[in-house]
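Q: Turn this into a structure:
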Amino acid sequence: MPLLDTRVPAVLLRIDRNPFHHGTLGAVRSLGRAGVEVHVVADSARSPVHASRYVRQMHPPPLPGASPDDILGVLRRVADRIARPAVLVPMDDACAVAVARMRTDLAPSYLLPTMPGTLPERVADKAELAAVCASAGVPHPMTLVPDSAARAAADARQLGLPLVAKWSRPWLLPAGSGLRSTVLVRSVQQARELYLRTEDAGSRLLLQAYLPPGPNRDWFFHGYADRSGTLRAGGPGRKRLDWPRGAGLTAVGCWTPNPQVQALAERLTGELGYRGIFDLDFRRCGTTGSYHLLDFNPRPGAQFRLFADSAGLDVVRALHLDLTGRPLPDGAPMAGRTFVVENYAPLAALRAAPGGRELAWYARDDRAPGWAMWGLWCRHVSRRLRERLGATAAAPAAPRLIPRASSPSLTDNEKASS
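A: I've put the predicted structure just below:
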């Protein structure tokens, strides 16, 4: 008998249009290799995911900023096409929040974990997370939510510079606004100016004490809380390389036992009554040694495949098994295993990995997405270089200050350039 119930398909849902979202490909491969029919509701025009041999069908996604009714309409059309109940896996925060709120409307077409419909929204909201951590006794950087530009300036002085500014609901940031979900603020004026963009951002600005990065300070925990609340699959991991450096996504991660991080994850999900897949980000304080929770993502993290254990169980497979009533196998943790995102850490992808390794894009049994990614990545890098060169060329040249006595006239090279 196969590990997973192959009679029940899976639907992966992602509104975010990032074509380099390797977590979606990881979920496609994890379920597809187990014999599950995988449908993907995501942008297929540019994403290398559509090239995977394990995708049964790509479906057009809701537009960015889509209303819950729009998302519900898309999912109902997909359900009509599949014509039998499916496990639904939201792959970004916006989808996770919307799906949890529409759980009743989505049944019985989709199988979903049972928990309060507002809980994913509560933990994904960066401002609400501070209160969640306080109630659960989980360390969290000091966080202030200003209610005016003047208050933002005062809060920045109180927290000290530099500090971290976040939009509480980053999935609401409109495309083309130039706003980033997280910014390192280096001046009081910068904090004030960010607050003035609140209406554009669509959610509250919060200011947070800055915990400096350092060796072995960035950690994450991926897990699945089953119907009883027990944590299954996943585990603690250490970020060995991020992109961009110092505050970016995990480019190289390592499965590393950490009882403190494990205990914090169990305490937090237990206090909340959380059910389903989650991804937590921690940073260890260099002064106190305590682990502070930075983010709670109510969906699979992009590097969830790092935590595939000796039984082949990961958080996505755990979700499918639990929702279809099948037992979850007891596998052993593969401590020392690494996960590498090749386009962000190409040299790390070439090094030996004694503890075992999985690449985000390349796979011997599914090569096409890797080739598609490199073609798309080269075009992306070339475009960025052209944009930077164009911006440099368009900038006015600084006037030359030439001492009158030593250079009474322009040289030939200066005439040519003028």
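Q: alpha carbons only for contacts and neighbour counts from here, please
A: Fine.
Q: Where does pLDDT dip in this protein?
A: Per-residue confidence of the chain (counting by pLDDT under 70) places the weak regions at 246-247, 395-418.
Q: His320 and Glu199, how far apart?
A: Computed with Cα to Cα, to the nearest Å, the distance linking His320 and Glu199 is 40 Å.
Q: Now stretch 244-255: buried residues?
A: Buried residues in stretch 244-255, counted by 16 or more other Cα atoms under 10 Å: Leu249, Thr250, Ala251, Val252, Gly253, Cys254, Trp255.
Q: and if you look at stretch 191-210?
A: Residues of stretch 191-210 classed as buried under the neighbour-count rule (16+ other Cα under 10 Å) are 191-192, 194-195, 197, 201-210.
Q: likewise stretch 12-30?
A: Taking 16+ other Cα under 10 Å as the neighbour-count basis, stretch 12-30 is seen to contain the buried residues 12-17, 19-30.
Q: quick one: contacts of it?
A: The set of residues that contact stretch 12-30 without belonging to it, under Cα atoms under 8 Å, 6 or more residues apart in numbering, is 38-43, 46-49, 52, 54-55, 61-64, 88-92, 94-95, 300-305, 316-317, 360-361, 373.
Q: What helices and strands are in contact with whatever helix or strand Pro236 lives in?
A: Element membership of Pro236, judged by DSSP states H and E, is strand 231-243. Counting contacts by 3 or more Cα pairs under 8 Å, 6 or more residues apart in numbering; DSSP states H and E, the secondary-structure elements packed against strand 231-243 are strand 218-225, strand 249-255, helix 259-272, helix 315-323.
Q: ok, the closest residue to Val132 other than its chain neighbours - contacts?
A: Once its chain neighbours are removed from consideration, Val132 has its nearest residue in Val123; the separation is 7.3 Å (Cα to Cα, 6 or more residues apart in numbering). Contact analysis of Val123 by Cα under 8 Å, 6+ apart lists Leu129, Val132, Phe296, Asn297, Pro298.
Q: swap in Ser177?
A: With contact taken as Cα under 8 Å, 6+ apart, Ser177 is in contact with Asp200, Ala201.
Q: Now do the SS call for it.
A: Classification of Ser177 using DSSP: H, G, I helix; E, B strand; the rest coil returns coil.
Q: For it, give me the backbone phi and psi.
A: The phi/psi pair for Ser177 (degrees, to the nearest 10) reads phi -80, psi -20.
Q: cool, and Ala10?
A: Torsion angles, degrees, to the nearest 10, at Ala10: phi -130, psi 140.
Q: Count the residues that sit near it.
A: The number of residues packed around Ala10, counting by other Cα atoms under 10 Å, is 26.
Q: Quick check: it touching Val38?
A: Yes. Counting by Cα atoms under 8 Å, Ala10 touches Val38, with 5.0 Å between them.
Q: who touches both of the two?
A: Looking at what touches both Ala10 and Val38 (by Cα under 8 Å, 6+ apart), the common residues are Leu31.
Q: Tell me which of the helices and strands packed on strand 231-243 sits most buried.
A: Of all the helices and strands packed on strand 231-243, strand 218-225 has the most neighbours on average by mean count of other Cα atoms under 10 Å, namely a mean of 27.
Q: Which strands or helices does that one pack on?
A: On the basis of 3+ Cα pairs under 8 Å, 6+ apart, strand 218-225 makes packing contacts with strand 231-243, helix 259-272, strand 276-284, helix 315-323.
Q: Contacts made by that strand with the rest, please.
A: Residues contacting strand 218-225 (Cα under 8 Å, 6+ apart): 231-239, 261-262, 265, 269, 274-284, 300-301, 304, 307, 315, 318-319.
Q: still on that earlier bit, what strands flank the strand holding Pro236, and is each parallel or antiparallel?
A: strand 218-225 (antiparallel), strand 249-255 (antiparallel) (DSSP bridges).
Q: mind putting those in CSV, distance to Leu119 included?
A: Rendered in CSV, the data for the strands paired with strand 231-243 read as follows (distance: least, Cα to Cα, whole Å):
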stretch, distance to Leu119
strand 218-225, 14
strand 249-255, 24
